[in-house]
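**Student:** Please work out how this folds:
(4 chains)
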2 protein chains.
Amino acid sequence: MAKPIYVAIANIIRNNISAHKYSSMKLPDERTLAERFEVSRSSIKRAIQLLADQGIIFKKQGSGNFINPLFLRNKTSLDYTGDNVGLTTSIVTNGKEQTIKVLNLDVIKPDSEIKESLFLTEDDFVYSFKRLRCLDQKPILIETSYIPVRAFPELSQNLLEQSLFNYLENEKNMIINRAYLDLTTEPSTPNDQELLNLKPTEPVGIMAGIFFVDDGTPFEYSSMRLHYRYLNFSTFVDLDK
Amino acid sequence: MAKPIYVAIANIIRNNISAHKYSSMKLPDERTLAERFEVSRSSIKRAIQLLADQGIIFKKQGSGNFINPLFLRNKTSLDYTGDNVGLTTSIVTNGKEQTIKVLNLDVIKPDSEIKESLFLTEDDFVYSFKRLRCLDQKPILIETSYIPVRAFPELSQNLLEQSLFNYLENEKNMIINRAYLDLTTEPSTPNDQELLNLKPTEPVGIMAGIFFVDDGTPFEYSSMRLHYRYLNFSTFVDLDK
DNA sequence: CAGTGGTCTAGACCACTTT
DNA sequence: AAGTGGTCTAGACCACTGA
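**Tutor:** Below you'll find the model as predicted:
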């Protein structure tokens, strides 16, 4: 199955909305759409749900499905293409040249927070490393990470100079596809100021969290201190859930 | 229908996981669960999907559904109870006394950004107001908001001294249930420093965005400058979507 | 009361993983 | 090949909204 039919239909409806092919802000009812696309109503519902999750339409029980006027207006400040994306848009490289400088790499006994976050036993050791990431030679974030030795025994300074996730996916067929992230901000420390080229009054954004392999194994605990101009996290929020 | 069956089942499974009632990290397969709960497999799938969205389980096609070990470990730093919540956890009052000080209230002609964000025409005016919100007398955020006069003609300084959303829901049966939010951080301005009691080196967190009525009408454009210790946004991220 | 979205079912078949 | 999750259908009935 190349693309599920509900994804295909969601794309068609999205394009129809963009092209102003619906005469009002209210979409045709689901039963009509099902007939028109010659699919079951369930498939229409899944397509509609996708669009709702993306903020493109609003569902209102007993009343109908409505187009988000902002989507029609093509507001460029709203990133509707990615669905509720976070990290990826935040640190997306956008064709810019990414360079990574490894600041250190050690093997240590994890403290209790890291041990619990990564689901480790008493015997486990972890790699501990810091990297400075730059875009077009401009430093944008300091990463401090911990990875269980057992999960990735061949880690080396060499490997750290590229994207770990790409290496894992290509060479080890491990896919990191979820993260639990915490976003905060803090005044910059002298160390931040030096590495990220910040003034003392300029802060860092902090993204800290746990990255998971697709089978649910916690793989990495990471805390990233970002130059404040590069922390930009956009999201739709359902306030009632 | 009091509670949909898939929600009920999701709750039971969540409790079972907490109580260690599954012998391995892998859940029983969906067809077995369907038999055991005497529901259709579709209902099981919806329940499982809910738990996956909450980060409690991981799905792996062809292999099974797996418990997130972190959930088992009862990590208190992970807020698993709220589903992907954002704003609400960030500004949750937690029983603390909330006070609101209205700094100003005007009617103005919106600039083009606000006009487009709120889907306004040339003739529309907006209320423009600033509020300082405190918890237990400590100032935590400065809110700058814009609301179309047409959407809420009776707005007054008096009303602003309480939670607008509560008033809307109780008195006007309008429900604000979605928001498009942008999170960033900036150095604090002298004004921030004075109002939020910040040192010059201490930053503000910024949550800016648009709040929508449940029929999709944009209702409010708001930019909130938070004392940096109070910006704390936690979320699960699906990296592959 | 008619229209419309929400829930739920039983079953068929596809796609991926593991043995 | 067997096991397991993913997609999709056709249809029944419930819950909410609005004329």
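**Student:** Mean pLDDT per helix and strand in chain A: which one sits at the bottom?
**Tutor:** Scoring the helices and strands of chain A by mean pLDDT, DSSP states H and E places helix A:87-90 at the bottom, with a mean of 40.
**Student:** so how far is chain B from the residue sitting furthest away from the middle of chain A?
**Tutor:** Within chain A, A:Glu35 marks the point farthest from the mean C-alpha position, 36.0 Å out by Cα atoms, centre = their mean. Separation of A:Glu35 from chain B (Cβ to the nearest Cβ, to the nearest Å) stands at 22 Å. Using the backbone N, CA and C atoms, a C-beta is placed for each residue, glycine as well.
**Student:** Likewise for A:Met207?
**Tutor:** For A:Met207, the distance to chain B - Cβ to the nearest Cβ - is 10 Å.
**Student:** And that residue, which helix or strand is it part of?
**Tutor:** strand A:203-213 (DSSP states H and E).
**Student:** can you pull the buried residues of the helix or strand just after that strand?
**Tutor:** Of the helices and strands lying after strand A:203-213 in sequence (DSSP H and E), the nearest is strand A:218-227. Within strand A:218-227, the residues scored as buried using 16 or more other Cβ atoms under 10 Å in any protein chain shown are A:Pro218, A:Phe219, A:Glu220, A:Tyr221, A:Ser222, A:Met224, A:Arg225, A:Leu226, A:His227.
**Student:** Now do the helices in chain A.
**Tutor:** A:5-18, A:30-37, A:41-53, A:69-72, A:87-90, A:112-117, A:157-160, A:164-171, A:190-196 (DSSP state H).
**Student:** Kindly reformat those as TSV containing distance to DNA strand D.
**Tutor:** Putting the helices of chain A into TSV (distance: least, Cβ to the nearest atom of the strand, whole Å) gives the following:
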stretch	distance to DNA strand D
helix A:5-18	3
helix A:30-37	8
helix A:41-53	3
helix A:69-72	17
helix A:87-90	20
helix A:112-117	26
helix A:157-160	31
helix A:164-171	19
helix A:190-196	40
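**Student:** Pull the number of nearby residues for the residue of chain A found nearest DNA strand D.
**Tutor:** Across chain A, no residue is closer to DNA strand D than A:Gly62, which sits at 2.4 Å (Cβ to the nearest atom of the strand). When neighbours are counted by other Cβ atoms under 10 Å in any protein chain shown, A:Gly62 registers 4.
**Student:** Over to A:Glu38?
**Tutor:** A:Glu38: 7 neighbours (other Cβ under 10 Å).
**Student:** swap in the one 5 residues further on?
**Tutor:** Using other Cβ under 10 Å as the criterion, A:Ser43 is surrounded by 21 other residues.
**Student:** what's the spacing between it and B:Val213?
**Tutor:** 29 Å (Cβ to Cβ, to the nearest Å).
**Student:** Low-confidence regions, chain A specifically.
**Tutor:** A:1, A:73-96, A:240-241 (pLDDT under 70).
**Student:** For it, list the residues in contact with DNA strand D, please.
**Tutor:** A:1, A:4-7, A:38-43, A:46, A:60-63 (Cβ under 7 Å from any atom of the strand).
**Student:** Which one of those residues is nearest to B:Gln193?
**Tutor:** Comparing those against B:Gln193 with Cβ to Cβ picks out A:Lys60 as the nearest, at 43.6 Å.
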